[in-house]
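Colleague: need a 3D model of the following:
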Amino acid sequence: MSSYKNYELEKSISSKIVNPLSDAPMPVASFTRLTGLGRSAIAVLTLQGEGAESIIRRCFQPANHVPFKEGQIRYGLWIGTGREVTGDSEIQAQSTEQPAESVVITPLADQTFEIHCHGGPAAIARIEADMRSCHAISASDPGGSKPSEHLLLIREAETVLVKCTTPRTAGIVMDQVRGALLDWAKEWRTSVTPAKVPEFRTEVEALLSTAATTVRLSEPFRVVLTGPPNVGKSSLLNALVGFDRSITLNMAGTTRDVLHANTVIAGLPIQFSDTAGIRDHAAVETIEREGIRQAQLAAGNADLLLLVCEPLPEGGFSKMAPPSAEMQQLRVLNKIDQQLQASTQPGHLDNQFDVGTNALTGEGLAELMVTIGERLGKNLPEAGQPALLNERQWKIMNQSSHADSPEQIFELLGHLIGHNHG
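Modeller: Okay, the predicted model is just below:
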């Protein structure tokens, strides 16, 4: 276990109540808002660096005075700098300017605290003002102190976190804000030996296997519906997102442009794209031909393709694009109510399809959404595990996968942590 996790936070936060109004100068700490700008239900800030402990003791009144422990969730009141200590050492809020704010504080390692408060601008401004009055510096302030070189990975994670739009993706990034990747890198940097190089490479390969997904956690997953005309792609899109985003007509070539609609499935942000039906170019006009070209471009950039087709009156199914080993694909048979009654197994889904649906009645939609979530989520790391969040980290880890000596690994992990950044 790395020193980052082993640091005994409770040793630095004494359970004894010390007069917080002491005139002793406080060391400089810095604070950062992790959640995005604007009003929200909850806002999250971090306070870190030398002096963070003193500021928390001065401004936060916990519901009880059990010694702080790393990762512990502590409820209490943010009462700012206007407070006194009574004779029995019980801290009381005495602010005459503003009422106390209900907050939740989580102590982390290395003098770092998360502060969860109401997401309204007044509550956030009040807490930030109190921290400034205690001589803390906002990380976003011009001319602020230079951040610690050891926190580059944390700062990069914070940058991604404010752009995440769902709790599931934010949770993965929050693990990195709390030091999952930093801990992993620091532990390997201090423990790698020639005998451990193969084990290190195995763990790096696991990181790299999820990197294509984790470096894009702030963006929606791209799911593209493609297939022949009139198989119900537009109806299926409308059913998946819950409103009529696409025009639906029983006429080939109705969809000309690529239409997008965003939703959330299994905690993942998803952008569905409805594309023009793909058919023989010789049979289509210029505008539809351009729609087909745009559809093919969208399909080439998809994280998941929904290959949609339908049963044919004469038997069999409409043409479906051949499977590609390079791209995730989900084979969907829509209009399953139109399967031939003469089938030896009515209602049986042919094994060449993954899911059968009826966009108009909703049949099979729940199964389709579960399957989409499983396919897109299979490359996500488990809770608490390290993850690569940007191209810089990905590039360094790719180089590390080829390192054959502890010295090379030590140097590359130093670059990952940010020892060459100031």
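
Colleague: could you point out the longest helix of this protein?
Modeller: helix 197-214 (DSSP state H).

Colleague: I'd like the next helix or strand past the host helix or strand of residue 330.
Modeller: Taking DSSP states H and E as the criterion, residue 330 maps to strand 329-333. With elements assigned by DSSP H and E, the helix or strand that comes after strand 329-333 is strand 355-356.

Colleague: that next one packs against which elements?
Modeller: Contacts defined by 3 or more Cβ pairs under 8 Å, 6 or more residues apart in numbering; DSSP states H and E place strand 355-356 against strand 329-333, helix 365-377. Heads up, the C-betas are built off the backbone N, CA and C, glycines and all.

Colleague: which stretches in the stretch 201-350 of the chain count as strands?
Modeller: 221-226, 259-265, 268-274, 304-309, 329-333 (DSSP state E, counting those that start in this stretch).

Colleague: can you state the direction angle for the last one and strand 304-309?
Modeller: Read that as strand 329-333. When axes from the mean of the first three to the mean of the last three Cα atoms, to 10 degrees is applied, the directions of strand 329-333 and strand 304-309 differ by 30 degrees.

Colleague: now do the buried residues in the longest helix of the chain.
Modeller: With burial defined by 16 or more other Cβ atoms under 10 Å, the residues of helix 197-214 counted as buried are 197, 200-201, 204, 207, 210-211, 213-214.

Colleague: how close does the closest residue to residue 335 other than its chain neighbours sit to residue 353?
Modeller: Once flanking residues are discounted, residue 335 sits nearest to residue 310: 4.4 Å by Cβ to Cβ, 6 or more residues apart in numbering. Distance of residue 310 to residue 353, computed by Cβ to Cβ, to the nearest Å: 11 Å.

Colleague: kindly report the same for residue 46.
Modeller: Taken as Cβ to Cβ, the span from residue 46 to residue 353 is 48 Å.

Colleague: rewinding a little: just tell me which of the strands of the stretch 201-350 of the chain ends up closest to residue 111.
Modeller: strand 268-274 (33.6 Å; Cβ to Cβ).

Colleague: quick check: angle from the closest one to strand 221-226?
Modeller: Using the same axes, to 10 degrees, strand 268-274 lies at 20 degrees relative to strand 221-226.

Colleague: could you shift the numbering so residue one becomes 654, and keep it that way?
Modeller: Shifting the count to begin at 654 puts that one at strand 921-927.

Colleague: so what are the sheet partners of strand 921-927 and their directions?
Modeller: If you go by DSSP bridges, strand 921-927 pairs up with strand 874-879 (parallel), strand 912-918 (antiparallel).

Colleague: tell me the angle that strand makes with helix 850-867.
Modeller: Computed by the same axes, to 10 degrees, the angle between strand 921-927 and helix 850-867 is 50 degrees.

Colleague: what's the angle between strand 921-927 and helix 1018-1030?
Modeller: Using the same axes, to 10 degrees: strand 921-927 against helix 1018-1030 is 110 degrees.

Colleague: for strand 921-927, give me every contacting residue.
Modeller: If you take Cβ atoms under 8 Å, 6 or more residues apart in numbering as the criterion, strand 921-927 is touched by 818-819, 821-822, 872-878, 886-887, 890, 893-894, 898-899, 908, 911-917, 951, 955, 1025-1026, 1029-1030.

Colleague: grab the nearest non-local neighbour of residue 837.
Modeller: residue 1039 (4.2 Å).

Colleague: domain ranges for the chain, per the record?
Modeller: 654-798, 802-868+1042-1075, 874-1030 (automatic domain parsing).
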